[in-house]
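Asks: Build the 3D model from these lines:
(one chain, ligands or ions: 2)
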Amino acid sequence: MKQLPTVTTEQLSAQRTVIARIAARNLLLGEQLAYVDTYGCQQNEADSEHLRAMLSGMGYVLTEDETAANVIVINTCAVREHAEQRVLGNVGHLVHSAKAGRRIVLCGCMAQKPDTREVILRSYRQVDLMFGPHELWRFPELLERSLNAPDGTKIIEARDIDGEQVEGLPALRSKGERAWLSIMYGCNNFCSYCIVPYVRGRERSRSKAAITAEYESLAAEGYSEVMLLGQNVNSYPEFPGLLRTLAAIDRRVKLSFRTSHPKDAGTELFRAMADSPNVDTLLHLPVQAGNDRVLSAMNRKYTSAEYIAKIRQAREIVPGIRFSTDIIVGFPGETDAEFEDTLRLVEAVRYEKLFTFIYSPRKGTPAAELPDNASRAEKQIRFDKLIALQKSIAATL
Ligand code: 5AD
Ligand code: SF4
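Replies: Ligands and ions are numbered 1, 2, ... in the order given. Take a look at the predicted model:
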């Protein structure tokens, strides 16, 4: 894995200075409220915990009431068009509650996607500050710039970089049972339909020491469940070893991880699961499709037979293992016959849970350039068939 530049402790401490400056200003202003809205994956949820910690350090009181907030942060997802539409609908609503001095911040994956950024600039003028995932640690500096600028000024920051190594950002976790713990960022797989590698950059892993220390403190704080996060946790160097080490720290903590790429999941991982009684036996192993031509066009790097062999192997090694998966219906060029292979695979594996999506073209990805003959209605019929099949399987589990 290529070593990416590290954000230095000096750079982070400069951000803390900004946090203190905003806190002093807010003290004079009286109670200032901030609202953070999160779309998309667990990685985004974890990023929002960092945003909340920074806002709270700045003296903002976190609120659930968007209309009352002085700072509204919308942490967005670009993985499918539907997610983008939901965000834009929400931003659209905010026009009606304009107030002086308020700042609307749109961050996350949509801000890193050039075509989406254009749409927001053109049609959603109420957004004051936009920044991509690489700028998360610079949020204090960017917000201060926006606060210092006259109302109506637009600030946009989305460096086109591979990513940086950041350690030591504070997190304000919700007080529930479960905590997220990021172990790596970015993705190098470039599945042909997926925008993630373009907006979240190249893979970079946190050090084992930093992860272990954070895990220990989460266990000490009393979280009963920790979920390790990464776009593809299996490409973390020696992931099975990490899993064993963390699981042994406190057997009372239930440990799970997301997401695994089937090409990198193997016997070492299954053995680590089997040997660690507190690792969740529900394995999320996204298959995406059951047809080999489609899998190859998706650049998934496994065949359906190889995938099923892995499932069989996991069942042999890990007692009580269950599976969940992601499936894309209607990838460009997928025929009805090819889709039937997905149904057959679902029948063979018998998943506990399916996350199903109709293919959504993402500008900038190779799949978005492929010819697509199936209509939306045809894709919907396939989608409904898949849901019906899963319902009948789930009823027998
Ligand atoms: N269209 C539909 N679904 C997608 N996913 C990723 N990109 C797309 C897309 N362009 C799905 C995949 C992935 C999940 C997080 O989202 O199934 O595993
Ligand atoms: Fe997207 Fe594939 Fe990376 Fe998952 S592994 S984030 S689907 S490119």
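
Asks: tell me which parts of this structure are close to ligand 1?
Replies: V79, R80, Y193, C194, P286, Q288, D326, I328, F357, Y359, S360, R362 (Cβ under 6 Å from any ligand atom). The way it works is simple: take the backbone N, C-alpha and C, and place the C-beta from them, glycine included.

Asks: Emit the PyMOL select command for whichever of those residues are buried.
Replies: Applied in PyMOL, the following selects the buried portion of the residues of the chain next to ligand 1 according to 16 or more other Cβ atoms under 10 Å:
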select buried, resi 79+80+193+194+286+288+328+357+359+360+362
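
Asks: what's the most distant pair in the residues of the chain next to ligand 1?
Replies: Maximum pairwise distance among the residues of the chain next to ligand 1 (Cβ to Cβ): 16.6 Å, between P286 and R362.

Asks: coming back round to it: with respect to S296, which of the residues of the chain next to ligand 1 is nearest?
Replies: Q288 (11.4 Å).

Asks: separation between that closest one and D47?
Replies: 24 Å (Cβ to Cβ, to the nearest Å).

Asks: what's the answer for G222, then?
Replies: Distance of G222 to D47, given as Cβ to Cβ: 23 Å.

Asks: Give me the more crowded residue out of the two.
Replies: The neighbour comparison of G222 against D47 (other Cβ atoms under 10 Å) goes to D47, with 26 against 11.

Asks: There's contact between that one and V73 in this structure, I believe.
Replies: No. Using Cβ atoms under 8 Å, D47 makes no contact with V73, being 10.3 Å away.

Asks: Give me the buried positions along stretch 165-172.
Replies: V166, L169, A171, L172.

Asks: Just flag the most distant two among those residues.
Replies: Farthest pair in the buried residues of stretch 165-172, by Cβ to Cβ: V166 and L172, 16.5 Å.

Asks: Can you measure across stretch 226-239, start residue to end residue?
Replies: By Cα to Cα, to the nearest Å, the extent of stretch 226-239 from end to end equals 16 Å.

Asks: ok, now stretch 324-343?
Replies: 15 Å.

Asks: Run the chain-centre distance for it.
Replies: For stretch 324-343, the separation from the chain centroid amounts to 23 Å (computed by Cα atoms, centre = their mean, to the nearest Å).

Asks: Show me which residues of the chain sit near ligand 2.
Replies: C187, N189, F190, C191, C194, V196, P197, Q231, N232, H261.

Asks: Pull the distance from stretch 93-111 to the chain's centre.
Replies: Computed by Cα atoms, centre = their mean, the chain-centroid distance of stretch 93-111 equals 22 Å.

Asks: In it, which residues have enough neighbours to count as buried?
Replies: Buried-residue list, stretch 93-111, by 16+ other Cβ under 10 Å: L94, R102, R103, I104, V105, L106, C107, G108, C109, M110, A111.
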